[in-house]
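Trainee: A structural model of the following input is requested.
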Amino acid sequence: MFLPISKQSTPFDFVLLTADAYVDHPSFGASIIARLVESRGFSVGIIAQPTRNKDYLRLGQPNIAFLVSGGVCDSMVNNYTASLALRKGDEYSESGIKGKRPDRALTVYCQNLRRLFGDVCIIIGGIEASLRRLSHYDYWTDKVRPSILVETDADLLVYGMGERPMLELLKYAERGVPLSKIKDVKGTAYKIKSKNEKTVIDGVLTLPSHDEVCQDKKKYAEAFMTAFSEATGTGSDRPQLLRQETFDGYNIIVNPPSIPLTQAEMDEVYALPYERTSHPMYTGGIPALEEVEHSITAHRGCYGGCSFCALTYHQGKTIQSRSLQSVVAEGERIVGSSTFKGYIHDVGGPSANFHTPPCGVGNRGQRIEDRKQCNRNCIGYKPCGNLKVDHSEYLTALRAVSKINGVKKVFIRSGIRYDYLMMDKPQVLDEIVKNHVSGQLKVAPEHNSENVLRLMNKPSFAAYKKFVENFETSSRKVGLKQFLVPYFVSSHPGCTLEDAYKLMLYLKEISYMPLQVQDFYPTPSTLSTTMYYCGFDPRDGKPVYVAKTKKEKAMQRALLQWRLPKNRGLIAEAEKLIKAKGERKNTQHNRRRNNKKKQSKTNDK
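Mentor: Numbering: from 1, shown residues only. Sure thing, here's the model as predicted:
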C-alpha cells in the first residue's frame, strides 16, 4: 500500500513534504526515507508538491517532525536551463507539466511550515539541502548565499545519503528526545548562536566566515576546499567538525559525514515494500519514472571525481554495493510488474561499472568505520597507481539478472566509465557489447582539449579515441552494428573559443553532431563551479579562463552543433574572432621578435 496522503484519526509521527510527485520507488530518495521511517514503527504521511495553505495543513502537525525534500533534482536546476531560461516541462511532475515546483523549493516549503505551524521541528534533506549546507556560489543570482539553514530556518539538515543519519535520529525519537535538540549525529548540520557549543567529537575546523567568502574569492576557495576535502575523504584521517560564522552571531555546524551503509543495510533499504510506481491519484504519468521503473540500483558512490559533478560532495566516493541475492530479488519483483515488457533498462549506479571499491582503502574486509581516508585521485586524468580494476562482480550481477525467467535483455544506461573498462581484459568489453548495449552506448568524453579534460579530471582524449576503436572492433566481432553516443560539455572553465573550435573540427572529421550539448551548469558546491566563480583552480590557485558572456557561451555551443542551419551566423562570428585573435598574437609575436633583434644590435654596438 502507498503511504497515506490524507489525514487520519491520530496525528502522524512524521510528515514528509517533497517537491516531486509522489512516486513510491527506490530511485526517489524521499520514498526511501519515508519507507525506512515506517519500517521502524513510526507513522508517516506524504505531502507532494504543496502549493496552497490547505496542502500544508492537510495532514496536520506531526508528533515529531516535518521531513522536507527538494526532490530528486535540485529545484533551480529542474526549473531553469544553464542559460537561465525556464524549462518547458518538469519530468518529476504529473504528465511532465511544469509549475508545480517552486524555485528554491526547500526555502518556500520551510517558510510556509514556520508560518503555519510555528515552532515545529523541521528537518531538511536531499540534494538541494546537501549542496547548500555551507556558504555557496549561487549561479541564478550570481552571488554567494549563506547556508540554506539560514534561509529555511530548519532545525536540522541531513546531507549526503540520509538513511543512517535518519536511523540515528529515530533512536532518539523512540526515547522521546526532541529531534531539534540533537547535535551529534554524523551526516547532519545545524545552526547555533553560541561559539562554545559542546560537541561529542574532537577537532573543529573553523572555515572563513560568510562575510569573508563573500568579499574574498581566495577565502571562498579556501572554505570550499576544506569542506570538500573533509566530505570526500581527502582531508585528515579522521573527518572533523566544521564551523562557519554567518549572520547575527549564528554559526553553521557541519558534523562529519555519516558512515556508508554496509551491504546488509543496503539490501534492507532496497527490500522495503515499495509500490514501484506513482500514486493512483495521478491520471497522467510521471516521465522521470519511465526510465527507472524497470531499473536496478546495484550500488552507490562514485570515485570518478569529475570536477563538475556534485556526486563526490553529496553521495561520496565510497562504493556501497548490494548483494547478488538482493539485486536478483529486485529483478524478480520487476518481472512481476504489469508494465514489464521483458527489458531491464539498467543495472548500475552513478557510474555503472564502478561496482567494487577501487583499492584496499574501503576494502570489504575492514569494518566501514575503520576505513582510513585517502587523499589520492582514484581515476580521471591521472589514475592512481593503486587502482584495482575488477568487473567480475558487476558482470556476475548482469548475468544473474539476465537469467531471470521473463527477462529478455539487460541494458546498461546509467553511464559507463570507458577509461576503467579499457583497463580490464578485452573480453569484458566484448561481453558488454554483445549482451548489454541497446544499439547505442552512452559515454562521456566531455571534450578533446587536454587542458579542459585536466580541469574536469576526465581521461585524456587519447583514451576515448582508443575506446572508440575497441568498441567498433568488439561490435564487429559479435556481428552487431552498434553506435556510441558521446556527450560533450561546452563552456566549461578552461575552455576557450579556440578549444571549442578544435572540438568542432574533430566532430566534422568523424561526421558527428551531438543532438544534445550540455552547457556547463555551475551548480552549488562543485570544483568546477568554484573555478567558474573564482576564476582560478582552487586546488593550486592557477588562473582559469572562464566563458561568462551569453554570446560566447552561445558560440561555443553552436560550434559543437555545427550542422544546424540556425548556428551558421554564430559559427561565422566565432571564426572571425578566432582569426582576429590569431592575427593579434602573430603581431605581438613579431613585435617581440623585432624588439629582441633591435636590443641585440644595440648590445653589439
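
Trainee: Which residue, other than its chain neighbours, is closest to Asp24?
Mentor: Nearest residue to Asp24, sequence neighbours excluded (Cβ to Cβ, 6 or more residues apart in numbering): Glu275, at 4.1 Å. C-beta here means a position set from N, CA and C on the backbone, and glycine is covered the same way.

Trainee: ugh, wrong one, I meant Ile571
Mentor: For Ile571, the spatially nearest residue (Cβ to Cβ, 6+ apart) is Ala558, at 5.5 Å.

Trainee: so which helix or strand takes in that neighbour?
Mentor: Using DSSP states H and E, Ala558 falls within helix 550-560.

Trainee: doesn't Glu575 make contact with the residue nearest to Ile571?
Mentor: No: with contact defined as Cβ atoms under 8 Å, Ala558 does not reach Glu575; the gap is 10.8 Å.

Trainee: And the two? Which one has more around it.
Mentor: Comparing Ala558 with Glu575 by neighbour count (other Cβ atoms under 10 Å), the higher total belongs to Ala558, at 23 against 15.

Trainee: picking that back up, for the residue nearest to Ile571, which residues are in contact?
Mentor: Applying Cβ atoms under 8 Å, 6 or more residues apart in numbering, we find Ala558 in contact with 564, 567, 570-571, 574.

Trainee: now with 10 Å?
Mentor: Shown in contact with Ala558 (Cβ atoms under 10 Å, 6 or more residues apart in numbering): 490, 500, 504, 517, 564, 566-574.

Trainee: could you measure it against Leu205, distance?
Mentor: 45 Å (Cβ to Cβ, to the nearest Å).

Trainee: what does Ala329 give?
Mentor: Separation of Ala329 from Leu205 (Cβ to Cβ): 43 Å.

Trainee: do Ala264 as well
Mentor: Counting by Cβ to Cβ - Ala264 and Leu205 are separated by 33 Å.

Trainee: Neighbour count: the two, which is higher?
Mentor: Using other Cβ under 10 Å as the criterion, Ala264 and Leu205 rank with Leu205 on top: 18 against 10.

Trainee: Mind listing the residues bridging to that one?
Mentor: Beta bridges link Leu205 to Leu242 when assigned by DSSP bridges.

Trainee: got the CA coordinates for the host helix or strand of Lys219 in CSV?
Mentor: For Lys219, the element it lies in under DSSP H and E is helix 217-232. Extracted in CSV, the C-alpha atoms of helix 217-232 (Å, rounded to 0.1, in the frame of the first residue of the first chain):
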residue,chain,number,x,y,z
LYS,A,217,37.5,34.8,-3.6
LYS,A,218,40.6,33.3,-2.2
LYS,A,219,38.8,32.8,1.1
TYR,A,220,35.9,31.3,-0.7
ALA,A,221,38.2,28.8,-2.4
GLU,A,222,39.8,28.0,0.9
ALA,A,223,36.5,27.4,2.6
PHE,A,224,35.3,25.2,-0.3
MET,A,225,38.4,23.1,-0.5
THR,A,226,38.4,22.5,3.3
ALA,A,227,34.8,21.4,3.3
PHE,A,228,35.2,19.4,0.1
SER,A,229,38.2,17.6,1.5
GLU,A,230,36.5,16.7,4.7
ALA,A,231,33.4,15.5,2.9
THR,A,232,35.1,13.4,0.3
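
Trainee: Distance from that helix to the middle of the chain?
Mentor: Here helix 217-232 is found 18 Å from its chain centre; the criterion is Cα atoms, centre = their mean, to the nearest Å.

Trainee: Packing partners of that helix?
Mentor: Here helix 217-232 touches strand 136-138, strand 143-145, strand 204-206, helix 210-215, strand 241-245, strand 251-254, helix 311-314, helix 527-534, going by 3 or more Cβ pairs under 10 Å, 6 or more residues apart in numbering; DSSP states H and E.

Trainee: Looking at those, which is nearest to Glu393?
Mentor: Nearest to Glu393 among the helices and strands packed on helix 217-232 is helix 311-314 (20.6 Å), distances taken as Cβ to Cβ.

Trainee: could you give the mean pLDDT of the closest one?
Mentor: Averaged over helix 311-314, pLDDT sits at 86.

Trainee: how far out from the middle of the chain is it?
Mentor: 6 Å.

Trainee: list the helices and strands that helix packs on?
Mentor: Judged by 3+ Cβ pairs under 10 Å, 6+ apart, helix 311-314 is in contact with helix 127-130, helix 217-232.

Trainee: Comparing these by mean pLDDT, which bottoms out?
Mentor: Taking the mean pLDDT of the helices and strands packed on helix 311-314, helix 217-232 comes last: a mean of 92.

Trainee: buried stuff in that one?
Mentor: By neighbour count on 16 or more other Cβ atoms under 10 Å, the buried set for helix 217-232 is 217, 219-232.

Trainee: by how many degrees do it and strand 241-245 diverge?
Mentor: 150 degrees (axes from the mean of the first three to the mean of the last three Cα atoms, to 10 degrees).

Trainee: All further residue positions should be reported with the first residue as 813.
Mentor: Let's use 813 as the start, then, which means that last one is helix 1029-1044.

Trainee: now helix 1029-1044 against helix 1339-1346, angle please.
Mentor: Here helix 1029-1044 runs at an angle of 170 degrees relative to helix 1339-1346 (the same axes, to 10 degrees).
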